[in-house]
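*Asks:* here is my input; please provide its structure:
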Amino acid sequence: MDREGRYATVASQKTRRIWATACLTVATTVALPVTTVGAEPTPPSASSVQKQLDKLNEQVDKLVEKYNQAGEDLKTAKAKLKAATNAAKIERADFDKARRRVAQMAADAYKNGDMADLKTFVAGGDPQVLLDQNAVFTHLSRNRSSELTVYLAAAQRLQRRQAQAQEAYNDVRRRHADLKGQKKKVEKAINDQEKLLRRLGVPPDRPRSGGGGTYNGPASGSARVALQYAYAQLGKPYVYGGSGPNGYDCSGLMMRSWGAAGVNLPRTTYSQRSATKTVSRSNLQPGDLVFFSSLGHVGMYVGNGQMIHAPRTGKNVEVVPITSGYYASNFHSAGRP
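*Replies:* Okay, here's the model as predicted:
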């Protein structure tokens, strides 16, 4: 290629590079407005934040009730473990008495020959080892052998029960710890939401000094007593796992209120729903329990389309309408204690 040809080729390459650079510059210039440096996102509205908060509240309600149920299961498991341990001790004492009786009988019967085997037999502390010594059993009376076998079988059953109770106890403890961890995570999320609400001018409730209120409705009998107790808690804060006297969660308030009237309600929303007679929404009476959000929340109907309840973290025991808004659209069922 001659010198002019080489110059033309170099010029053509430079021209292509210049056009490519120009196109890149134009493309970059056009794209920049999409990600303008320093732009701030549009702040969420109070209504959108409230919707997020409502959703978080539903999650926390369900977690708290599962947490409460785990606590009840833990108490039950501890009681079963204690009963099984005590029963095993009693059975072991009876077993040892039987072993001594049989050993004495064997000693009396075999003073002249089988003492070596007998000593091994009577010294054995493990019921299974004793049972495995078939050679010795052949020298014992059938009644005593049968008696010892029965005691051994009972001890083995109780040992199994104790192991099962311990396993259940460990399992409930694990679930309890897991739910506690989940609760902390959701509490943090709700705390963040409440901070945002405060920035928007919607601060959380503060416990009322003095607190309390008076029920003046038409309820009578035990329902009136339950309502009077609930009204006396007005203004007290919502507390996770709380059942009074300084704070409550939703099911804790219901349990204590009806407990004051002599009715023993279970601890959680799920068990409270199972323990109460179903009533339709149109037949609600003051004192009835009203459930929401797939049994994640419960309150007590007070009449005139309202309920008293312990709402959520950052809120106090209050009376609210259930014929409109969130509680109207998330109504689940109602039960009469």
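*Asks:* domain assignment for the protein?
*Replies:* 47-200, 221-336 (the TED database).
*Asks:* most tightly packed of those domains?
*Replies:* With neighbours taken as mean count of other CB atoms under 10 Å, those reach their highest mean count in domain 221-336, at a mean of 19. (Each C-beta comes from the backbone N, C-alpha and C, glycine too.)
*Asks:* that domain: how far from the chain's middle?
*Replies:* 19 Å (CA atoms, centre = their mean, to the nearest Å).
*Asks:* what is the mean pLDDT for it?
*Replies:* Per-residue pLDDT over domain 221-336 has a mean of 96.
*Asks:* now the end-to-end length of it.
*Replies:* The straight-line separation of the ends of domain 221-336 (CA to CA, to the nearest Å) is 13 Å.
*Asks:* re the thing from before, go through the domains of the chain and name the closest to residue 214.
*Replies:* Closest to residue 214 of the domains of the chain is domain 221-336 (CB to CB; 5.9 Å).
*Asks:* ok so, going back, distance to residue 206 added to the domains of the chain, as CSV?
*Replies:* Shown next, in CSV, are the domains of the chain (distance: least, CB to CB, whole Å):
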stretch, distance to residue 206
domain 47-200, 12
domain 221-336, 8
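*Asks:* show me what residue 307 is bridged to.
*Replies:* Beta bridges link residue 307 to residue 301, residue 320, judged by DSSP bridges.
*Asks:* residues contacting it?
*Replies:* By CB atoms under 8 Å, 6 or more residues apart in numbering, the residues touching residue 307 are 290, 299-301, 319-320, 322, 327.
*Asks:* surely residue 311 and residue 318 touch.
*Replies:* Yes - between residue 311 and residue 318 there is a contact under CB atoms under 8 Å: 6.5 Å.
*Asks:* which of the domains of the chain sits closest to residue 212?
*Replies:* Of all these, domain 221-336 sits nearest to residue 212, with 4.9 Å by CB to CB.
*Asks:* all strands for the stretch 201-337 of the chain, in order.
*Replies:* 277-279, 289-292, 297-303, 306-309, 318-321, 331-336 (DSSP state E, counting those that start in this stretch).
*Asks:* list the neighbouring strands of the shortest one plus their orientation.
*Replies:* Take DSSP bridges as the rule and strand 277-279 pairs in its sheet with strand 331-336 (antiparallel).
*Asks:* okay, the angle between the partner strand and strand 297-303?
*Replies:* 60 degrees (axes from the mean of the first three to the mean of the last three CA atoms, to 10 degrees).
*Asks:* residues in contact with strand 331-336: which ones?
*Replies:* Contacts of strand 331-336 (CB under 8 Å, 6+ apart): 272-273, 275-281, 284-285, 287-295, 301, 322.
*Asks:* show me where the chain has helices.
*Replies:* Using DSSP state H, the helices of the chain run over residues 3-31, 46-109, 115-123, 127-132, 134-137, 142-199, 221-232, 250-260, 269-275, 325-329.
*Asks:* any idea which of the contacts of residue 307 is closest to residue 197?
*Replies:* Checking those against residue 197 with CB to CB, the nearest one is residue 320 at 17.3 Å.
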